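Peer 1: Sequence plus the predicted model coming up.
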Amino acid sequence: MYESYVLDKAYFVKVIEDLAAIVEEQRDYLTGLDSAIGDGDHGLNLSIGFREVSKNLSEWQKENLTILFKKIGMALLGKVGGSAGPLYGSLFMKMGEPAGGKDVVDFNEFCNMLKAGIEAVEMRGKAVVGEKTMVDALRPALDALTKAVEDGVAPKIAFEKMLDSAKAGRESTIPLIAKKGRAMRLGERAIGHVDPGSASSCIILEMFYKNMPQ
């Protein structure tokens, strides 16, 4: 089943186009979340990064998936300020590696791409679940996807389970005291606020989900 479910380069390009658009649309929302517990620039920084991606995407999409994702990641690394740049830069750069220089991947390969990207975020940020970071959304999401694949769940339903777990992880950050980043200095004052990185992580995963074929 998973070998016959394929995602081509056009799918990934559409995901990135939609992601750039939704980041622009949600810029003030993400910045508002960050204003409560951080530097107040998360949405603005992501917007700057994805504008750079959008500007170059028509040229980059001529490349295979590995190089495409590397270029996207490098653009985010270079243009997105704060901790989000290195983290999302690592996510996209590492996601491209399991694609193995191809233009089309099957669902198993896509899952490996996500696994590589999320593990890169964990390694780069040295974060674990419960520290009020994007990992609170990404790790439960990856675990849910892994479980769904082990159970033989249909691809889009498996990804729906992943997204549901990411959103639950996002909400789980509300009662937490931050253990990483700027929010850490607030102590208990960070309680009651959604972590902005967990929110933007959900936005990214949702764009992959929405564009998936049935």
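Peer 2: Yep, it's here. Keep in mind that what you see is a predicted model, and the values were worked out from it rather than measured.
Peer 1: drop to CA atoms for contacts and neighbour counts, all remaining ones
Peer 2: Fine.
Peer 1: List the contacts of the helix-or-strand element of the chain with minimal mean pLDDT.
Peer 2: None of the helices or strands of the chain scores lower by mean pLDDT, DSSP states H and E than helix 27-37, at a mean of 94. Helix 27-37 is contacted by residues 40-44, 46-47, 182-183, 186, 190, 193-196, 199-200 when judged by Cα atoms under 8 Å, 6 or more residues apart in numbering.
Peer 1: Report the rounded mean pLDDT for the host helix or strand of S198.
Peer 2: Element membership for S198 (DSSP states H and E) is helix 196-210. Throughout helix 196-210, pLDDT has a mean value of 98.
Peer 1: Could you give me the buried positions within that helix?
Peer 2: 196-209 (16 or more other Cα atoms under 10 Å).
Peer 1: Could you do stretch 9-29 as well?
Peer 2: 9, 11-13, 15-24, 26-29.
Peer 1: can you redo the buried residues of helix 196-210 as TSV with distance to Y5?
Peer 2: TSV is the format used below for the buried residues of helix 196-210 (distance: Cα to Cα, whole Å):
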residue	distance to Y5
P196	33
G197	30
S198	28
A199	28
S200	27
S201	24
C202	23
I203	23
I204	21
L205	18
E206	19
M207	18
F208	15
Y209	14
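Peer 1: E63: which of the residues you listed is nearest?
Peer 2: Nearest to E63, judged by Cα to Cα, of the buried residues of helix 196-210 is F208 at 19.5 Å.
Peer 1: how close does the closest one get to K14?
Peer 2: 9 Å (Cα to Cα, to the nearest Å).
Peer 1: Low-confidence stretches in the protein?
Peer 2: Low-confidence segments of the chain (pLDDT under 70): 181-183.
Peer 1: mind listing the helices for the chain?
Peer 2: 9-25, 27-37, 42-60, 65-79, 84-96, 107-125, 135-150, 155-172, 196-210 (DSSP state H).
Peer 1: Please name whichever of those is nearest to A178.
Peer 2: Closest approach to A178 among the helices of the chain is made by helix 27-37 (9.0 Å; Cα to Cα).
Peer 1: and the angle for that closest one with helix 9-25?
Peer 2: 60 degrees (axes from the mean of the first three to the mean of the last three Cα atoms, to 10 degrees).
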